[in-house]
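In: only the shape, not the letters, is given here:
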């Protein structure tokens, strides 16, 4: 029996291995893979059907038309003779090609590229004192579907771009569907939703050439944010490592806005929602992201699906920051209705209220991930909105866009969107109506349908709008004075970062502004940076070859928030991907032991060898998952060298450009993998003959983040300990802003 039979290696495409020859014996369709799950089988009006989730999948052994007519040929059009014209009467051709011509729907204007997963949310009950929402009562478990996404790119863009990420969660509660529609950044570009079209048009590709795709490094974006300076806080977060997360699994989520919770007594509390990943918050480095976008543009969606398939289920704690619901809706000088502001966790700690686990991949991307429809107005009793002007516009915009994308007002009847609570809405007809409503009186009051549906009181779980007093005021288009501070939070964020993270921010601004053609735009953004931090401005200006301007505004200082830095902690290593470099000279018993040890800790071990297939020695077999041709350092969080002195047959530049590196090793691609991993501050382990491979790649065994020794088990344990810190940050000769003198 192969030694890896007890190790789950993600990537299997089908529920069972395919036959070498084309199958010809009729059989029913294969079931989904074990890691997949479809939406729960409820009716269009929320009633449990008792049917399995697979009941909506294709059925039957034979190919049919959409009407169930069996077909004997789908390879040839109906013609007037073998060489004659195709006949209009070919009803099968017309149905097949017409459906194909219409199988795409409009992609989302923003958040077009996404990945989704099913899971469950279990409430701790700690929020019960501030909200009467049933799914937040003690020990209640609620099914969820989560969609992660990038903002700027089209559906076909790359994953590892510098961008904001969407983090939206659909809770299928028994009181109705609740959507928490958030981002991985707690502040937004704009304060008022009327600016949505402006910021999106500025950030999208230039309309004349439709380039650059999925990037903010261009003139229209920096023209807008340098003129509309309320965007500077969000831009600072985006230029930090938060803009290029390592994984959706290691990404925070934020509700962005301030919401209002209502408890059973009717008392109200203002809150901000946070998703905290159990694996910690980790990011890519810039060069790593650039390589990934060429090698694997599906990096993040593959990472999420593979982790779930391998059983390394991602987890997040949902937490809330709570604030008194005062008349001014301010907290510690921060306007809680300003979506460009966040509240430091040191001022208002995040209180955990539940745990979300993603444990199943979608069965069908289009049916689930593409058609899922989120809306911040999908609320449940106990959760209400505030007068945040960005949130207020989202309450209109999200509903409107679903009608456009999904073909009409009945998008809630698509299986992934169906509530898990009874629906009796008196809404009728419309495109794509799949419910078959009974009765003759879809209006109130009525007697012909026995008066049904009836209105519910608060004691029966009805949603009650908070009776908030509306002060006498003037109808006008302006913001409150508290919205005028555009720089202090950007300064707070930057000065809360470690020196190495500040270096990454400096690099990001220098790169992005260096891609702008117009000098005036670079000058204008440098002035904004001068108002944020003089050291930051000076470093970026130096990289651009431009003078650093003086600040034009006095900006208030706030104490740094250590919670904003991603450096310095340790986190669980479950789900991390470790590459094991081997060849025919490797001790396979040690390789198998290392792989099993990594798997036992919830990590994903992938064996890398000169060629594919199986490595065999002394009756032991180890399957190869990657070759020197197909592997790249960016796929792995750490590398362990158990071989690599053997060159592969394709180790020539003519077969693989990566093999053209002028290094003194049998296979230059091994040296490339190791040098990249070293440059990106990843953990590297080696024992025995692997040490010579490390030396040939020019990597000193005594460098930070290197675990070298003679015992494979000890090396593996050391690599695991190094992985807990995400990277060996000591390898970066960090300078920070003005050599550690921020705001000079």
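Out: Ah, there it is. Worth saying up front: this structure is predicted, and the values here are computed from it rather than measured.
In: now do the helices in the stretch 201-350 of the chain.
Out: 219-227, 232-239, 286-295, 299-309 (DSSP state H, counting those that start in this stretch).
In: likewise for the stretch 501-650 of the chain?
Out: 519-532, 534-544, 588-600.
In: could you give the angle of the longest one to helix 219-227?
Out: Here helix 519-532 runs at an angle of 40 degrees relative to helix 219-227 (axes from the mean of the first three to the mean of the last three Cα atoms, to 10 degrees).
In: equivalent analysis for the second one, please.
Out: Computed with the same axes, to 10 degrees, the direction of helix 534-544 lies at 150 degrees from that of helix 219-227.
In: list the buried residues for helix 534-544?
Out: Using 16 or more other Cβ atoms under 10 Å as the test for burial, helix 534-544 gives 534, 535, 536, 537, 538, 539, 540, 541, 544. For glycine as for every other residue, the C-beta is placed from the backbone atoms N, C-alpha and C.
In: for the first one, same thing?
Out: Across helix 519-532, burial judged by 16+ other Cβ under 10 Å covers 521, 522, 523, 524, 525, 526, 527, 528, 529, 530, 531, 532.
In: how close does the first one sit to residue 234?
Out: Counting by Cβ to Cβ, to the nearest Å, the separation of residue 521 from residue 234 is 18 Å.
In: try the third one
Out: Between residue 523 and residue 234 the distance, using Cβ to Cβ, works out to 21 Å.
In: per-residue pLDDT of the residue sitting furthest away from the middle of the chain, please?
Out: Largest separation from the mean C-alpha position in the chain: residue 81, at 53.7 Å (Cα atoms, centre = their mean). Residue 81 carries a pLDDT value of 92.
In: in what helix or strand does it lie?
Out: Using DSSP states H and E, residue 81 maps to neither a helix nor a strand.
In: can you list the weak-confidence ranges in the stretch 601-744 of the chain?
Out: 663-665, 738-744 (pLDDT under 70).
In: show me where the stretch 151-300 of the chain has its strands.
Out: With strands called from DSSP state E, counting those that start in this stretch, the stretch 151-300 of the chain shows them at 165-173, 176-183, 253-254, 259-262, 268-277.
In: using JSON lines, lay out these together with mean pLDDT.
Out: Formatted as JSON lines, the strands of the stretch 151-300 of the chain follow (pLDDT from 0 to 100):
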{"stretch": "strand 165-173", "mean pLDDT": "98"}
{"stretch": "strand 176-183", "mean pLDDT": "97"}
{"stretch": "strand 253-254", "mean pLDDT": "98"}
{"stretch": "strand 259-262", "mean pLDDT": "98"}
{"stretch": "strand 268-277", "mean pLDDT": "98"}
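In: of those strands, which is nearest residue 446?
Out: strand 176-183 (22.9 Å; Cβ to Cβ).
In: in stretch 46-54, which residues are buried?
Out: 46, 53, 54.
In: contacts for that stretch, please.
Out: By Cβ atoms under 8 Å, 6 or more residues apart in numbering, the residues outside stretch 46-54 that reach it are 31-32, 37-43, 55, 363, 418-423.
In: repeat that for stretch 24-36.
Out: 12, 14-16, 38, 54, 57-62, 305, 308-309, 360-363.
In: now the buried members of the residues you listed.
Out: Buried among the contacts of stretch 24-36 (16+ other Cβ under 10 Å): 38, 54, 305, 308, 309, 360, 361, 362, 363.
In: residues contacting the fifth one?
Out: Which is residue 309. 8, 10, 11, 12, 33, 35, 361.
In: list the contacts for the first one?
Out: Residue 8 makes contact with 309, 310, 311, 599, according to Cβ under 8 Å, 6+ apart.
In: could you do residue 162 as well?
Out: By Cβ under 8 Å, 6+ apart, residue 162 lies in contact with 215, 216, 217, 238, 239, 243, 244, 289, 508, 512.
In: and it, how far from residue 495?
Out: From residue 162 to residue 495 the distance is 21 Å (Cβ to Cβ).
In: repeat that for residue 57.
Out: Residue 57 is 54 Å from residue 495, by Cβ to Cβ.
In: do I have it right that residue 734 meets residue 503?
Out: Yes. Contact between residue 734 and residue 503 holds when scored by Cβ atoms under 8 Å: they sit 5.3 Å apart.
In: for the closest residue to residue 175 other than its chain neighbours, grab the count of nearby residues.
Out: In space, and not counting its chain neighbours, residue 175 is closest to residue 380: 4.6 Å by Cβ to Cβ, 6 or more residues apart in numbering. Neighbours of residue 380 under the rule other Cβ atoms under 10 Å: 23.
In: gap between residue 380 and residue 231?
Out: Using Cβ to Cβ, residue 380 is found at 32 Å from residue 231.
In: do residue 242 as well
Out: From residue 242 to residue 231 the distance is 15 Å (Cβ to Cβ).
In: who has more neighbours, these two?
Out: residue 231 (28 against 23).
In: biggest separation within the contacts of residue 309, which pair?
Out: 8 and 361 (13.4 Å).
In: show me where the stretch 551-700 of the chain has strands.
Out: Here the stretch 551-700 of the chain has its strands, by DSSP E, counting those that start in this stretch, at 577-581, 604-609, 614-617, 620-623, 626-627, 638-641, 683-687.
In: okay, those strands in a markdown table with mean neighbour count and distance to residue 151 next?
Out: Listed next are the strands of the stretch 551-700 of the chain as a markdown table, based on neighbours: other Cβ atoms under 10 Å; distance: least, Cβ to Cβ, whole Å:
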| stretch | mean neighbour count | distance to residue 151 |
| --- | --- | --- |
| strand 577-581 | 26 | 26 |
| strand 604-609 | 26 | 28 |
| strand 614-617 | 15 | 43 |
| strand 620-623 | 18 | 39 |
| strand 626-627 | 18 | 31 |
| strand 638-641 | 27 | 30 |
| strand 683-687 | 27 | 32 |
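In: can I get these in JSON lines with distance to residue 453?
Out: Putting these into JSON lines (distance: least, Cβ to Cβ, whole Å) gives the following:
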{"stretch": "strand 577-581", "distance to residue 453": "52"}
{"stretch": "strand 604-609", "distance to residue 453": "50"}
{"stretch": "strand 614-617", "distance to residue 453": "64"}
{"stretch": "strand 620-623", "distance to residue 453": "59"}
{"stretch": "strand 626-627", "distance to residue 453": "58"}
{"stretch": "strand 638-641", "distance to residue 453": "58"}
{"stretch": "strand 683-687", "distance to residue 453": "60"}
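In: just give me the neighbour total for residue 273.
Out: 22.
In: what do you get for residue 396?
Out: 11.
In: can I assume it sits in a helix?
Out: Yes. Applying DSSP: H, G, I helix; E, B strand; the rest coil, one finds residue 396 inside a helix.
In: quick check: pLDDT value at it.
Out: 89.
In: just for the stretch 401-550 of the chain, where's the confidence low?
Out: For the stretch 401-550 of the chain, no range has pLDDT under 70.
In: picking up where we left off before, export the contacts of residue 162 to JSON lines and tack on distance to residue 589?
Out: Formatted as JSON lines, the contacts of residue 162 follow (distance: Cβ to Cβ, whole Å):
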{"residue": "215", "distance to residue 589": "48"}
{"residue": "216", "distance to residue 589": "50"}
{"residue": "217", "distance to residue 589": "50"}
{"residue": "238", "distance to residue 589": "48"}
{"residue": "239", "distance to residue 589": "48"}
{"residue": "243", "distance to residue 589": "44"}
{"residue": "244", "distance to residue 589": "39"}
{"residue": "289", "distance to residue 589": "37"}
{"residue": "508", "distance to residue 589": "46"}
{"residue": "512", "distance to residue 589": "50"}
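In: right, and residue 361 touches residue 306 too?
Out: No. Applying Cβ under 8 Å, one finds residue 361 not in contact with residue 306, separated by 9.4 Å.
In: residue 23: which of the contacts of residue 8 is nearest?
Out: Closest to residue 23, out of all of the contacts of residue 8 and judged by Cβ to Cβ, is residue 309, at 24.2 Å.
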